[in-house]
Structure formats: structure tokens, C-alpha cells
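Participant: No letters, just coordinates:
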């Protein structure tokens, strides 16, 4: 039934593919990917907010919140059960996994990724896990774009662009900010991009944002109204905020990574789940705003109503003045990072987008309220709350353009463009000075087994080994006679002949130079077999091997062609010249 429906849905698109010019079909594809990814993002938002309405119904008093704070444990437990017993495989989390797929897996994302993030992050965040939904939306949209490209047999380049289109549409739908979606795809996912590729990205992001706006009608989206225009007298304070945002971003990246690793070091999965749920319970009864994404608490800060955030906290009776409240908010700024890491480390699914915005909002509010309380100056707290969000987002993801335009879009105007640029630029500069790679950059560097700062090595790592395999080598069997092999040689343009078994296993190689002295001796034609002539390959290349090690094998063996094998199966040959040619092409693109 499902197969027949899938086949029926493919027919009209295949028909259009045959009838339309490639450029027009690709534009149509970007529209479809944008709409599908936007719809997936909207459904995820709706799923989460439906769960939240249920679990927050009885949370208006402290006594009720004691029970309410246990829900994150339930969400993480349900997520782990789904992954372990329904999905039965780990899911790819974060942008590093997506970039790794682009670089090493021909932009082919597993089909189940199109729905697994919706379910798992929905359960985790809906029940109060202290993470965000934007990274799962990016993963879901990327999977939709990738699988669309695979289904309709598009090239690696087109499949990669559609993957990025899905990610752009996810961000666009999450915040109703298509420009930020496009910039996120360019800054974080695509290391190089042509002007022509921007058009499908823009179309997809616009489609995702439009669908979100139509269905959600902004009631579930993060949005603010700017209350005071930019005043250039406040520039020194924005500079100081940018520096603080850079150090806070460093704190976020290092503490998140450390806590996440500590949680994952607990070998027993169920102990880890209950440990994480218990820690979140303790944190949330003291600091309730840690529950869920935290966007409602961000709105409270932007509306200058921070007192409502302590309403159901154990500490509520102890907060008696502005200084106490400021300490409470400052503690939240640091604890959000820990709560987010506990959530994902104990088995939940979510992203760092929302936690980064949360930390930024609290940093900006605490900073500006502190300045105002001391009487040093009178600065607009709402503006600083919003601008600091861009600072932390820029410093955590190393994506300043995304951060700038995201906040500019969700504030409904560009009055804060100058302070947004100042704070975002300073934040990412400070963070990069101490940590050359972002959190996701470090993860990707580890996955690729290279330093991302080494441009030559990174460009090589981008090359897809599968596209470099040559299959026009004539195959011989081990029991073939010399006479039959001579017939094969006469029809071949190659000097190397792979010896392959009936099971397609590579047994050895026969080199033309090694048999030249006997091929003109007819007496040996029926006496000698290929098995006697073949030699062991100087080296074998594995399909998933890093191209740096491949080039080292070429240098060590002084060969120009080496066989490629996967699970003992012969696939073809890779030549050193084809790698160098492809590398030069990538180098020219990156200049």
C-alpha cells in the first residue's frame, strides 16, 4: 500500500522532469523541498506545543510544578525507547553530521531521518527537555532535500543544494525568517557556493517561512517588537557586551561538551536516562525557566517582566529585591548550558540553537539591568536582550551573518543593525581567538580525522571517492589461460588487469609489464594460467577511506592506479592523477 502510494506520488514529478528543462525542474524541486521541509517544521512545532499544553496545564503553583518537573525524564525515556526499540539505530545529530554526509557520503542522508528527528525531538522538548527544535528541523529538512534528490536521480551537486534548501526552509519556518535560513545554509553547511545556487536556497527558505506563517499565524513563533531605536551613545556598552558574549560563547561550548561527554560516559543507558531526568528535575524546581525551549521566558525578558520567571521556583520567597532577581537570572544564564547538555547527553534529542538564544537573552538583560541599577548609564534593556542573542548565536555556531539577520528579522526591522554587527563580530572574534573551531566544527574535524584549519586537507576531504572510481579495467578470472588473457589484452586500453573470483572478490593483479616477455611465446599459451601470473596488489583502497591516506598509499607504493574494495568486493580503480585533477578543481572554486 505504502509502496503504491509512493509510486503514484512520483509519477507526476517524473513526468515534469521529462518535460521541463533541467533549470526549470530544479526550481520546481526547490519549491517542493521548501514546502515539504516547512511543513515538517510546522508539524514539529505543533507536535511540541500540543504536548506542552498538556504537561503545563497543572503547573501554575509550586506544589503542582514539583510533579511537572518530572516530565523531562518521561520525554527522554520515551525518546530512548523509540530510538532503541522502534528505530533500532542511532540518529544523526547536529550540523557536523550533515556536513560529513555532504563530504563523505555523497549527500545521501538515510530515509528515516525525514521523520526520526520530528518524533524524538518532539518527545524530548515537548515534555520539557532543555533543548531547541531548530537543529532537528535542519536535519529533517536536509534529509527531505537529500532523499528528494536521490529519488529523482539528481547529480551530487544538485542533491547537495537541495539538502541545503531543506535546511534553509527549516530555519525559515522556525523563525519566519527566510534570509536567516539562506545565510545559515551558506555559512554552516555549504563551504563554497555559486551565485546560481542562491536562487533555489532563497526560494526554499521563502516557501518554508510562508507555509509557517500561513499555518501557525505567528502564535507559536518567536517574535519581538523593538521598543527603542538605536542610540550611538550606547556603542561602548555594545562593544563591552560583544566581548562578554564571546567569553560566554566559550563557556557554552566548553561546558556543554564536557557535560555531554560526562553523561555519555555512563555506560548503562537506563541509569544514564534516570540520572539525566533526576538532574533536570532538581535544576527545574529551583529554576523553572529551564523547562523546554525557553522562548516564553525570553519574551518575558524582552517585555521587561523578569519577575514572572520566579513564580513557581523554590527560591521565589527568597527573591526580595532587584539584586536577588538579577542573581537568579544570571544563574539561569549559566545553568541553561548545563541543562541542555544533560538533556542530550542522557539520551534526548534537540539542538543548541534555542539554548544559545536563551543564554544570549539572559546575558543581554542581566548586563543592561546591572548597568541601569548601578546608575552608570541608562541603556535600553530590550535592545540589549535582543542584540546579545545574536552575539551568543554567532559565538557558538561561528555564523555571524545568520545571527545578525535572524534577530533583525524577528524584531520586525533593522534599527539594531549596527549594534547587531558590532556584538556578533566581536563575539565570534573572541571565541575564535581561543577556539579556532566551533563546537560542530570540532565534531566534524574529529569525524573527518583532520584539522579544519588545514585548507589543503579540508579540500581533499571534500572529494567523494565514489565519483573517482574508474571501472573500465578489463577483468580476468584466475583459471583463464594465457591465450584467453591475450584476447582480453587486445581489446583493452589498460595495462593493469584485476583478477576477480566468481564472487567478485579481488584476488590479485596482472600487470602488462610483468608478462610482456611471455605473451609472444605461443608454446605457453595453454600451459600458463592467470593464477600463476597474478601478483598481490601493492595496496588496496577501501571505499570509506580518507583521501589523505589514499594519497599516502600512492606515494608509498609509487603506483598511479590502485584497486578499490568494499567488503572484499572489487569496485574498480582510482588513479592518482584523477584525485589531483579533482583537487585542483576544488582549489580553484575556493579561491
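Facilitator: Structure received. Model, not experiment: these values are computed from the prediction. Numbering: from 1, shown residues only.
Participant: which residues of the stretch 251-400 of the chain fall in helices?
Facilitator: All helices of the stretch 251-400 of the chain, identified by DSSP state H, counting those that start in this stretch, fall at 269-286, 295-302, 322-345, 353-374, 381-397, 400-410.
Participant: This structure - how does it break down into domains?
Facilitator: As assigned by automatic domain parsing, the chain contains the domains 13-216, 232-450, 459-590.
Participant: ok so, going back, for the helices of the stretch 251-400 of the chain, give me JSON lines that also has mean neighbour count and distance to residue 166.
Facilitator: In this view, the C-beta of every residue, glycine as well, is placed from N, C-alpha and C. Converted to JSON lines, the helices of the stretch 251-400 of the chain look like this (neighbours: other CB atoms under 10 Å; distance: least, CB to CB, whole Å):
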{"stretch": "helix 269-286", "mean neighbour count": "19", "distance to residue 166": "30"}
{"stretch": "helix 295-302", "mean neighbour count": "20", "distance to residue 166": "23"}
{"stretch": "helix 322-345", "mean neighbour count": "21", "distance to residue 166": "22"}
{"stretch": "helix 353-374", "mean neighbour count": "24", "distance to residue 166": "16"}
{"stretch": "helix 381-397", "mean neighbour count": "30", "distance to residue 166": "18"}
{"stretch": "helix 400-410", "mean neighbour count": "25", "distance to residue 166": "16"}
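Participant: least reliable of the ones you listed going by mean pLDDT?
Facilitator: Lowest mean pLDDT within these: helix 295-302, at a mean of 82.
Participant: which other helices and strands contact it?
Facilitator: Counting by 3 or more CB pairs under 8 Å, 6 or more residues apart in numbering; DSSP states H and E, the packing neighbours recorded for helix 295-302 are helix 353-374, helix 381-397.
Participant: got CSV for the ones you listed, with distance to residue 493 too?
Facilitator: What follows is the helices and strands packed on helix 295-302, written out as CSV (distance: least, CB to CB, whole Å):
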stretch, distance to residue 493
helix 353-374, 54
helix 381-397, 50
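Participant: Quick one: closest of those helices to residue 198.
Facilitator: Nearest to residue 198 among the helices and strands packed on helix 295-302 is helix 381-397 (20.1 Å), distances taken as CB to CB.
Participant: tell me which strands and helices that closest one is in contact with?
Facilitator: helix 235-264, helix 295-302, helix 353-374, helix 400-410, helix 417-434, helix 439-448.
Participant: Can you say which of those helices is nearest to residue 333?
Facilitator: helix 353-374 (4.0 Å).
Participant: Give me the angle between the closest one and helix 400-410.
Facilitator: Counting by axes from the mean of the first three to the mean of the last three CA atoms, to 10 degrees, helix 353-374 points 70 degrees away from the direction of helix 400-410.
Participant: sorry, back to before: mind checking the helices and strands packed on helix 381-397 for the one nearest to residue 131?
Facilitator: Nearest to residue 131 among the helices and strands packed on helix 381-397 is helix 353-374; the distance by CB to CB comes to 6.5 Å.
Participant: give the contact list for residue 534.
Facilitator: Residue 534 is in contact with 478, 499, 507, 508, 509, 510, counting by CB atoms under 8 Å, 6 or more residues apart in numbering.
Participant: Try it again at 7 Å.
Facilitator: Contacts for residue 534 (CB atoms under 7 Å, 6 or more residues apart in numbering) come out as 499, 507, 508, 509, 510.
Participant: do residue 332 as well
Facilitator: By CB under 7 Å, 6+ apart, residue 332 lies in contact with 287, 289, 290, 362.
Participant: Recalculate using a threshold of 8 Å.
Facilitator: Applying CB under 8 Å, 6+ apart, one finds that residue 332 lies in contact with 287, 289, 290, 309, 362.
Participant: Tell me which residues touch the closest residue to residue 466 other than its chain neighbours, please.
Facilitator: Distances taken as CB to CB, 6 or more residues apart in numbering place residue 106 nearest to residue 466, at 6.0 Å, with adjacent residues excluded. Residue 106 makes contact with 156, 159, 464, 466, 467, according to CB under 8 Å, 6+ apart.
Participant: just the strands in the stretch 451-591 of the chain please.
Facilitator: 496-500, 506-511, 541-542, 561-566, 569-575 (DSSP state E, counting those that start in this stretch).
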